[in-house]
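>>> sequence and predicted structure below; questions after.
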Amino acid sequence: MHEIVCVGDVHEGVSFDYRIDPETGVSERAMDLHGNFAKAARWAIEHQASLFCILGDLFDRTHVAPFFRELVRKDVIEPLGEVGIDVWILAGNHDQPRRMARSTSLDDYRGYAHVRVFRRPDVEARTIGGRKLGFVILPYLHPEQIVEDIRKKLGKDVPREDAYEAARRAWKAWIENRASELKDADLRILFGHFEIQGARYASTAPEVVPHDFTFTGDMLPSTIDLAVFGHIHLHQTLSGRVVYTGAPERIDWGERLDPKGFVAVRPDGTWSFVELPARPMEKVELSLGMGDDPTERILAALPDDVAGKLVRIEARLPDELRTAIDERRLGERLREAFHYELRLTSTDRPRMVTEEFTMDPLRLLSDYVEKNFADHPKKDAIRAEAQRILKEALA
């Protein structure tokens, strides 16, 4: 009772190109993400929470299809409002436009009396469970917004890194001043959507946000008792008083080993991580050589139980063996899997090039990344971030 439920990085509206419902055009995998978000809302209702906070990236883009906006309205916003739970939504790097004058799908919920949408830094005070709580709220600002703001304040053009250092000093002072205004509060909490230096992105490969602005630990004054952040999908704690909620469901393959859920903060400043059931992901990697039976080698490498799982097979092999793979047998073996994909990398050629002509900008971008970042450990993350920016530009 009286918990503050903190959920980050839901990414409603993210696109998957498999298990598409022909009626809605939406992948079942996208519904996995929404399902866990709805579970968090139901937990808040069942435990009579006082506040439900979405710490950035509710949506995967600034504008998502009405289908996803309606899902959020029907399964989260309205049920929480019916039982008197207020909802705070912070803009994240995916759903915050690069210009404040531009709208976002988050604005759809401003008409609800129990919903606040934060696109600019702010301060709030609430009495919860008999205790006075003060909140410093830091939604995401894009790097170019931060740089532009600092250049205006300084009245001159400065390099990006110099602007970042000036921004860190300015934000440190702003946070300290806002926290001092909340001196009468029993507990001061900071909610934000940024990277803190030293945070780990995931158990494997991180999402990449080029030139992302990062917070340093000294930017959080001692008067802040607890800082809860979104933005990084791996649940973790830093320095005792900084916690990342993590995402409620696995978004990409870099997160396949990570537990998923949300954070419930109590009015006394203690908190718990509430784990949610996440879709299992199995990655199989192997190298094949001449003389191998590629089909048998792949079948032998697969886990015994694949039911309901996402399976990715990554095989390095000579070009000559590609046609020897019996994909029918693989499909039969993996028929119980939720979805599987076979990725073949040539050992004869350093990079794979596309042989198909297309004018689709997303496909062209994907092919470019495949050609120029084939061996990069963060290739998938680079492609995902580039596609997100392109989608926003095209919209």
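Sure thing, it's come through.
>>> ok, Arg316 - how many residues close by?
14 (other CB atoms under 10 Å). Heads up, the C-betas are built off the backbone N, CA and C, glycines and all.
>>> contacts for the helix or strand it falls within, please.
Assigned by DSSP states H and E, Arg316 falls within strand 310-317. Residues from elsewhere that reach strand 310-317, judged by CB atoms under 8 Å, 6 or more residues apart in numbering: 29, 253, 256, 279-289, 292, 294, 298, 301-302, 330, 334, 337-347.
>>> any quick PyMOL command for the buried ones out of those?
In PyMOL syntax, the buried subset of these is picked out as below (16 or more other CB atoms under 10 Å):
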select buried, resi 29+253+256+279+280+281+282+288+292+294+298+302+330+334+337+338+339+340+342+344+346
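>>> narrow the contacts of strand 310-317 to those in helices?
Arg29, Pro294, Ile298, Ala301, Leu330 (DSSP state H).
>>> just these now: which is nearest Gly130?
Closest approach to Gly130 among these (CB to CB): Arg29, at 42.8 Å.
>>> helices and strands around the helix or strand of the chain with the lowest mean pLDDT, which ones?
Least confident helix or strand, the chain: helix 379-394 with a mean of 74, by mean pLDDT, DSSP states H and E. Using 3 or more CB pairs under 8 Å, 6 or more residues apart in numbering; DSSP states H and E, the elements in contact with helix 379-394 are helix 361-372.
>>> centre of the chain to the helix it packs on, how far?
In terms of CA atoms, centre = their mean, to the nearest Å, the centre of helix 361-372 is found 22 Å from the chain centre.
>>> report the buried residues of it.
Applying 16+ other CB under 10 Å to helix 361-372 flags Leu365, Ser366, Asp367, Val369 as buried.
>>> got it, and stretch 21-35?
Residues of stretch 21-35 classed as buried by neighbour count (16+ other CB under 10 Å): Val26, Ser27, Arg29, Ala30, Met31, Asp32, Leu33, His34, Gly35.
>>> what comes into contact with it?
10-20, 67-68, 71-72, 75, 248-249, 251, 279, 310, 338-339.
>>> switch the cut-off to 7 Å
Stretch 21-35 has contacts (CB atoms under 7 Å, 6 or more residues apart in numbering) with Val10, His11, Glu12, Val14, Phe16, Tyr18, Arg19, Ile20, Phe67, Leu71, Glu249, Arg279.
>>> show me which of the buried residues of helix 361-372 is closest to Met100.
The closest of the buried residues of helix 361-372 to Met100 turns out to be Leu365 (CB to CB; 27.0 Å).
>>> enumerate every residue touching that closest one.
Each residue near Leu365 by CB under 7 Å, 6+ apart is listed here: Ala386, Gln387, Leu390.
>>> out of these, which end up buried?
Among the contacts of Leu365, those that count as buried by neighbour count (16+ other CB under 10 Å) are Ala386, Gln387.
>>> looking at the contacts of Leu365, spot the one nearest Ser272.
Nearest member of these to Ser272, counting by CB to CB, is Gln387, at 35.0 Å.
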